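Visitor: any chance you could fold what I've pasted below:
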Amino acid sequence: MRNQEMPRIDLEHLRTILLPADFELVRGIVSTQGKNKGRLRASKPKVDRLSIGLNKYGLEQYEPDETQGKTAYIWRMVAFSASPKSQHHCMPCTADFDVPGHWGDEKRAILQELDAIVDAVLDTIPADEWHGIRRWGNAFGVIGTPQVTSDGSIIYR
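Guide: Model (predicted):
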């Protein structure tokens, strides 16, 4: 049976290269107890929605908690790339919905900063544990060994 352990994240190294506020976001994606201590959490961290008042139609509006939302985004992108669980390999098309802020340039700037943190986290995980990257690389034919079937189809393994 395949190893289903979540990847270990080197928090000591990340503490030395990340800003303190960024390191606190990363701490939220790591299990803190039990047999998975020091590994990527198996599920997305909780994100509270905070009321920001009424919109022009008189309906309550909500915004994700900033710290929790950023942590959830980082977790989702790391899980997409490195988790051994196949359900985490689905495209994270709505991962940024947890990140507060307006759409457009402001949101893109926030996501660019968070993606740099994701890259730093992934750099602490050995490349042979990047299960999602390997899976999508195989699907796109950029990783693996091509095998030609009898009907001429090419399959990457």
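Visitor: show me where the protein has its helices.
Guide: Using DSSP state H, the helices found in the chain span residues 11-17, 20-27, 66-82, 105-123, 131-140.
Visitor: can you tell which of those is closest to Asp48?
Guide: Of all those, helix 66-82 sits nearest to Asp48, with 6.0 Å by C-beta to C-beta. Glycine gets a C-beta too; all of them are placed from N, C-alpha and C.
Visitor: show me how far that closest one is from its chain's centre.
Guide: On the basis of C-alpha atoms, centre = their mean, to the nearest Å, helix 66-82 sits 4 Å off its chain's mean C-alpha point.
Visitor: just the angle between that helix and helix 20-27, please?
Guide: 60 degrees (axes from the mean of the first three to the mean of the last three C-alpha atoms, to 10 degrees).
Visitor: can you add distance to Gly38 and give the helices of the chain back as TSV?
Guide: Listed next are those as TSV, based on distance: least, C-beta to C-beta, whole Å:
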stretch	distance to Gly38
helix 11-17	7
helix 20-27	11
helix 66-82	14
helix 105-123	13
helix 131-140	18
